[in-house]
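In: fold the following, please.
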Amino acid sequence: MTRMRTRLFILHVLVLALLVVLAVRLWQVQVVRGEEFVTKATETRTRAVIVPAVRGQILDSSGRPLVRNQTSLVVSVDRNALLRMKDGGVEVLRKLSTVLNQPVKQLQDRIRPCGPGISKPCWTGSPYQPVPIERKAGTRQALQILERQEEFPGITAEIQSVRQYPGGKAGAQMLGYLGPVTEAELEKREGLKAAFSGVDLAGRDGLEEVYDEVLRGKSGLRRVQVDRMGKAIGVEQQVPSLAGDHLITSIDARLQEVVEGALHKAMKGAPQADGGAAVVLDARTGRVLALASAPSYDPAVWAHGITTTGYKRLLSEESGKPLVSRAINGQFAPGSTFKVSSVAAMLRAGYPLNGTYDCPGSYMVGDRAFNNFRGIGLGTLSLHTALVKSCDTIFYRSAYEQYLRDGGRNPKKNAKEVFANTARAFGFGKPTGVDLPGESSGRIPDRAWKKNMWALTSATNCKRAQTGYPEVTDAARAAFLKLLAQENCAEGFVLRPGDSANFSIGQGDVLVTPLQLARAYAALVSDGKVRSPRIGWARVRPDGTLVERYDVPVVGRLPISEKERLYIKNALSQVPSDGTAAGAFSGFPMDKISIGGKTGTAEVWGKQDTSWFASFAPTGNPRFVVVAMVSQGGMGAQTAAPAVREIYEGIYGIKRQAVLPDGKPAAKLPKFSPDGTVAGG
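Out: Numbers count the residues shown, from 1 in each chain. Below is the predicted model:
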């Protein structure tokens, strides 16, 4: 009996102790940590989802889409959610691989963050951003994931907007593409970080990058109630997203297609051609009407995820680096197209506008003979005829004389360097400021440049002067390179007489981009004002309401008088009819549409010549400036000039339907209907 009472007593004590512990725990949960658990409970049943905005379209000058949106089912993986699982999400990825028919290893590689020592494929975006691993999922695949969400935690399948390019490869480098938002961008751009949706893409290259803030829009917010399995059971709060604005450009889509076709045909006709570019500017406003670079690529590769092989191809020398725009990044010797700057330099130096000049077959510059084209002398010429017939020796002589006036090898303290400074006034040697990223500056090699270059390369040149180039299999080439290294080691900082002669005809170390040359010609044949070209014309809301117009800034003025400018322009007006481009324009109806311009043939050691033609039309009151360049294309009249002719035939409807029926660029912005569609489109 006593033993029984003892057991009951102990049991009572245990029960009482348990009740006390339970009471204390309840007090802790409800009183001490009550607010904390209430907050967590609320978080557990509410999910805040930032809804990405629909990105604005990029339109041409008539409202035709250059870049538009299409919806696509996108499957994404939240890597952080997988890492919180016991097996690191391996089982989930195994199930996902079955649905998407992709190897588990491939999925694991694609969601790992890129970094030092990590080879592609890997994720270049923020580690906190879900990684899209299938951008063209089928409906059946999406339903398998959505209907069995408990088997696919951390995996989402939702409709997203994907970029579409109606023109295919046309203007790919100009338009740019979209890429994942990186962690660095989130830290740098507070506005982007605040509205980051987790699936946002940022503009990469081209117009997509420059006008990213305009096109992006403003994300919305949706608070969703979910059950314990994470399935949505209702919407608690919703703030709609605000679609991005549309960017209207000055590009004409039909003209862009003509330019692309002409450039492709020109390169196909030059067997060794390895690249080309073409630019069409509105001569009066400086707006870009077409901008093409070859080889090109289909920007749709970015929309649905690019492969490692595909990315390497875009950057490889073998494929011609199609990701690089030769129109704004390609730097080439301009050849005789550069003579417009040299004539202006002669006039600034005091040479008479209406004087006469000897054009011998050869001219001695220092102790070296510099030859005219094929060594042919043309007698006594005016500057007008010197441009039409493209006499080199007249320019060799004037440049050499100015070199000597500046002190030659021992320059005066305040050397005028009139040829180099005139070229800079034409806009060469610096970026044009076009609204595209990563533009090259070209090169105007003066005395200061020679000194800077020598400081950077003297050690290498002096070493090569001793060792030579044993890796070069061509004996003549190797001997030339060794001799050049010896000269540059000894006096590479000195501007030599030959440098001045080569400069005057756009050879030697002179480099320009096709857009720079087009900009210079536009200033020459219009009003003498040097402008910073623009592609963006206006920003409008999705309903067509004008938000902002982008003006073309004037950044300089040509250093010649109106009389001198018109003299040069009139000389160029005869080149396609009576000068070096006469063969290329044979049969063209000059009586109806007069074309002016200048051919350029730039020599490149070990390669075929670079072919150039810079032009304008109509000559009386120019509306268009068209420049074409083909690397390793041969003579200017042989490859580039026929391409330019084909572009004008497209503009004015010669042998085909005109892409600009009235022969003028669009002067007014397109009109929109209330629903956002282009009126009359």
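
In: same question for the longest strand seen in the chain, mean pLDDT?
Out: In the chain, taking DSSP state E as the definition, the longest strand is strand 65-77. Average pLDDT, strand 65-77: 86.

In: that one pairs with which strands?
Out: Looking at strand 65-77 with DSSP bridges, its partner strands are strand 58-59 (antiparallel), strand 131-134 (antiparallel), strand 155-164 (antiparallel).

In: mind listing what's buried in the following helix or strand past it?
Out: Next helix or strand after strand 65-77 toward the C-terminus (DSSP states H and E): helix 79-83. Buried positions in helix 79-83, judged by neighbour count with 16 or more other CB atoms under 10 Å: R79, L82. For glycine as for every other residue, the C-beta is placed from the backbone atoms N, C-alpha and C.

In: what does stretch 415-428 give?
Out: So for stretch 415-428, counting by 16+ other CB under 10 Å, buried means A415, E417, V418, F419, A420, T422, A423, R424, A425, F426, G427, F428.

In: would you mind confirming that the third one makes contact with A344?
Out: Just to be clear, that refers to V418. No - at 9.5 Å, V418 does not count as touching A344 under the criterion of CB atoms under 8 Å.

In: these two touch, right, E209 and R216?
Out: No - using CB under 8 Å, E209 is not in contact with R216, being 11.3 Å away.

In: neighbour count: those two, which is higher?
Out: Ranked by neighbour count (other CB atoms under 10 Å), E209 and R216 place R216 first, with 24 against 18.

In: apart from its chain neighbours, what residue comes closest to that one?
Out: Nearest non-adjacent residue to R216, counting by CB to CB, 6 or more residues apart in numbering: G244, 5.1 Å away.

In: grab the most central residue of this protein for me.
Out: Nearest to the mean C-alpha position of the chain, by CA atoms, centre = their mean, lies G206 at 4.2 Å.

In: give the contact list for the residue nearest to R216.
Out: G244 makes contacts with A53, V54, R55, G56, V214, L215, R216, G217, as judged by CB atoms under 8 Å, 6 or more residues apart in numbering.

In: now render those residues as CSV, adding secondary structure, distance to G653 and pLDDT.
Out: Putting the contacts of G244 into CSV (DSSP: H, G, I helix; E, B strand; the rest coil; distance: CB to CB, whole Å; pLDDT from 0 to 100) gives the following:
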residue, secondary structure, distance to G653, pLDDT
A53, coil, 41, 80
V54, coil, 38, 85
R55, coil, 36, 89
G56, coil, 33, 93
V214, helix, 35, 92
L215, helix, 34, 93
R216, helix, 39, 87
G217, coil, 40, 85
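
In: how about the residues you listed, which pair is most distant?
Out: Pairwise distances among the contacts of G244 were taken by CB to CB; the largest, 13.4 Å, belongs to V54 and V214.

In: out of the two, which sits in the busier spot?
Out: Between V54 and V214, V214 has the larger neighbour count (other CB under 10 Å), namely 21 against 18.

In: isn't that one up against G56?
Out: Yes - between V214 and G56 there is a contact under CB under 8 Å: 6.7 Å.

In: and the average pLDDT for stretch 5-18 is what?
Out: When pLDDT is averaged over stretch 5-18, the result is 76.

In: run through the helices of the stretch 1-150 of the chain in chain order.
Out: Here the stretch 1-150 of the chain has its helices, by DSSP state H, counting those that start in this stretch, at 2-27, 34-45, 79-83, 90-100, 104-111, 139-147.

In: and A518, which of those is closest to it?
Out: Set against A518 and scored by CB to CB, those come closest in helix 104-111, at 42.0 Å.

In: what about R33, how many neighbours?
Out: Per other CB under 10 Å, the neighbour tally for R33 reads 12.

In: just the pLDDT at it, thanks.
Out: pLDDT recorded at R33 is 72.

In: for the host helix or strand of N461, list the C-alpha coordinates in PDB.
Out: N461 is located in helix 447-467, with elements delineated by DSSP H and E. Extracted in PDB, the C-alpha atoms of helix 447-467 (Å, rounded to 0.1, in the frame of the first residue of the first chain):
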ATOM      1  CA  ARG A 447      54.200  63.700 -82.900                       C
ATOM      2  CA  ALA A 448      52.700  63.300 -79.400                       C
ATOM      3  CA  TRP A 449      51.200  60.000 -80.500                       C
ATOM      4  CA  LYS A 450      54.500  58.800 -81.800                       C
ATOM      5  CA  LYS A 451      56.200  59.500 -78.400                       C
ATOM      6  CA  ASN A 452      53.500  57.800 -76.400                       C
ATOM      7  CA  MET A 453      53.500  54.700 -78.700                       C
ATOM      8  CA  TRP A 454      57.300  54.500 -78.500                       C
ATOM      9  CA  ALA A 455      57.200  54.600 -74.700                       C
ATOM     10  CA  LEU A 456      54.700  51.700 -74.700                       C
ATOM     11  CA  THR A 457      56.500  49.600 -77.300                       C
ATOM     12  CA  SER A 458      60.200  50.400 -77.200                       C
ATOM     13  CA  ALA A 459      61.100  47.400 -74.900                       C
ATOM     14  CA  THR A 460      59.400  44.900 -77.200                       C
ATOM     15  CA  ASN A 461      60.800  46.500 -80.400                       C
ATOM     16  CA  CYS A 462      64.300  46.500 -79.000                       C
ATOM     17  CA  LYS A 463      64.000  42.900 -78.000                       C
ATOM     18  CA  ARG A 464      62.700  42.000 -81.400                       C
ATOM     19  CA  ALA A 465      65.500  44.000 -83.100                       C
ATOM     20  CA  GLN A 466      67.800  41.300 -81.600                       C
ATOM     21  CA  THR A 467      65.800  38.200 -81.800                       C
END
